[in-house]
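Asker: Got a sequence here, can you build the structure:
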Amino acid sequence: MTQGVSIVIPAWNGLELLKRFLPSVIRAANHYRNLSGAPTEIIVVDDGSTDDTVEWLIREQKAVGNERPSELDELPASQTTLRVVRNEANLGFGETCNRGFEAAQYGLVFLLNNDVEVSEDAIAPLVENFRDESVFAAHCRVFELESKRECGTGKLGEFARGFIRVHRSYAVLDELYNLRMAGSPGLAALYSIFAGGGSAMFDRKRFLEIGGFEPLLSPFYWEDVELSYRAWKRGYVVVYEPRSVVHHRVSSTIGKLKPSNVRKIEQRNRLIYHWVHLHDKWMLASHIVWVALLAITSPLRFKIGFISSLAAALKRLPEIRKRRREEKLAAKRSDREVFEAFAILEKRDDLFAYDDYAELERLNSDVADRRRG
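Answerer: The predicted structure is shown next:
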């Protein structure tokens with residue numbers, strides 16, 4: 001039987017975003033349900049909002065349940081259900097998502113930001129990936145909503161200059177990829193170093209078994225990277241699904257916050273991620289040297305905020321050491337084994353690796369020109 005899907009959406013003071021984007025999520029859920037016969041549900045987890053998010057969602061639930069007119073006409077009572085979970089206080093992204101996973105009824109959880117527009121046929125291709133029992137998560141292909149610019153494809157992983165690098169990307173060259181799929185489908189896996197928490201599907205049981213999003217990283221940033229790397233180290237894989245397309249209004253929630261505070265938390269969490277998971281002795285030594293160098297030179301580079309981030313991470317050392325011991329015991333892959341998988345992936349002729357989106361735009365333009373010619 002095709003698996004049921006729970007769609008979890010964390011929300012914080014995002015009523016207007018929900019009104020704008022939730023209908024597309026409902027349409028996608030209903031489409032998958034009609035296509036597969038599997039049940040679907042949508043769970044909005046409100047993270048202590050001070051706007052009318054919860055009240056609006058409750059009104060919509062009641063309207064649908066009583067078959068009264070609703071702003072969410074795409075949600076007939078006989079199909080996808082809508083549920084609301086409320087945090088009494090603001091807990092941050094990771095812990096809010098964890099509550100959604102705990103509340104979910106079905107084995108696959110599609111995690112979405114509240115500023116994401118979902119293509120109607122996006123869910124089924126993601127679900128297909130979980131036929132492989134090693135798959136922990138599968139993430140979507142992402143375009144910016146307003147510009148239509150592609151901004152989220154497969155992610156490569158490597159270790160360089162003292163840090164785990166996770167933002168080098170790759171795109172699929174369709175014709176060569178289809179040939180590979182036809183000849184050797186087992187060699188066509190599209191691995192990704194991390195599944196972005198704004199548009200990715202997870203195996204709920206495994207997510208909860210390995211502990212969900214890391215509370216040490218609260219309130220936001222690097223949770224999805226850390227979780228994915230933890231899954232890789234524990235023997236699972238994360239994949240990219242280019243057939244599943246979403247459009248994202250970037251930074252609609254984080255953009256409301258003070259940039260300097262956001263940057264401080266982002267840098268702190270990047271350090272915590274490395275200190276928990278970087279177990280290779282040579283790589284860890286390299287990381288320590290680079291962190292020291294960055295700290296010493298930060299005033300010269302006008303990056304004094306790095307010192308604050310480093311100090312904030314060092315304050316968490318007792319908790320970090322505890323988590324590090326736990327992850328070393330649970331690991332089934334070494335850091336080098338994880339990075340080797342991506343070194344092999346990058347050599348494939350059916351993929352195009354790139355460092356910035358200008359390279360990808362040039363590739364897409366060249367492909368379009370060839371097709372017109």
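Asker: now the strand ranked longest in the chain: mean pLDDT?
Answerer: For the chain, the longest strand by residue count, based on DSSP state E, is strand 237-248. Per-residue pLDDT over strand 237-248 has a mean of 97.
Asker: Which neighbouring elements make contact with the helix or strand following that strand?
Answerer: Downstream of strand 237-248, the next assigned helix or strand under DSSP states H and E is helix 259-277. Helix 259-277 sits against strand 163-172, helix 223-233, helix 305-314, helix 317-330, with contacts defined as 3 or more Cβ pairs under 8 Å, 6 or more residues apart in numbering; DSSP states H and E. For every residue, glycine as well, the C-beta is placed using N, CA and C.
Asker: go again using 10 Å as the cut-off
Answerer: strand 163-172, helix 223-233, helix 281-297, helix 305-314, helix 317-330 (3 or more Cβ pairs under 10 Å, 6 or more residues apart in numbering; DSSP states H and E).
Asker: can you state the direction angle for it and strand 163-172?
Answerer: Per axes from the mean of the first three to the mean of the last three Cα atoms, to 10 degrees, the angle that helix 259-277 makes with strand 163-172 is 100 degrees.
Asker: And helix 259-277, what's buried?
Answerer: Residues of helix 259-277 classed as buried by neighbour count (16 or more other Cβ atoms under 10 Å): 262-265, 267-277.
Asker: Could you write out the alpha-carbon coordinates of stretch 134-152 in PDB?
Answerer: Taking Å, rounded to 0.1, in the frame of the first residue of the first chain, the C-alpha atoms of stretch 134-152 are listed here in PDB:
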ATOM      1  CA  SER A 134      18.400   3.300   3.300                       C
ATOM      2  CA  VAL A 135      16.700   6.700   2.500                       C
ATOM      3  CA  PHE A 136      16.300   9.000   5.400                       C
ATOM      4  CA  ALA A 137      15.100  12.100   3.500                       C
ATOM      5  CA  ALA A 138      14.400  13.400   0.000                       C
ATOM      6  CA  HIS A 139      14.300  17.100  -0.900                       C
ATOM      7  CA  CYS A 140      12.800  19.200  -3.600                       C
ATOM      8  CA  ARG A 141      14.000  21.300  -6.500                       C
ATOM      9  CA  VAL A 142      13.500  24.900  -5.400                       C
ATOM     10  CA  PHE A 143      12.800  28.100  -7.400                       C
ATOM     11  CA  GLU A 144      12.500  31.600  -6.000                       C
ATOM     12  CA  LEU A 145       8.900  32.600  -6.200                       C
ATOM     13  CA  GLU A 146       9.100  36.100  -7.600                       C
ATOM     14  CA  SER A 147      12.200  35.800  -9.900                       C
ATOM     15  CA  LYS A 148      11.600  32.200 -10.900                       C
ATOM     16  CA  ARG A 149      15.400  31.800 -10.500                       C
ATOM     17  CA  GLU A 150      16.500  28.200  -9.500                       C
ATOM     18  CA  CYS A 151      17.900  28.300  -6.000                       C
ATOM     19  CA  GLY A 152      17.800  24.800  -4.700                       C
END
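Asker: Only the buried residues of that stretch, if you could.
Answerer: For stretch 134-152, the neighbour count (16+ other Cβ under 10 Å) marks 135-143, 145, 150-152 as buried.
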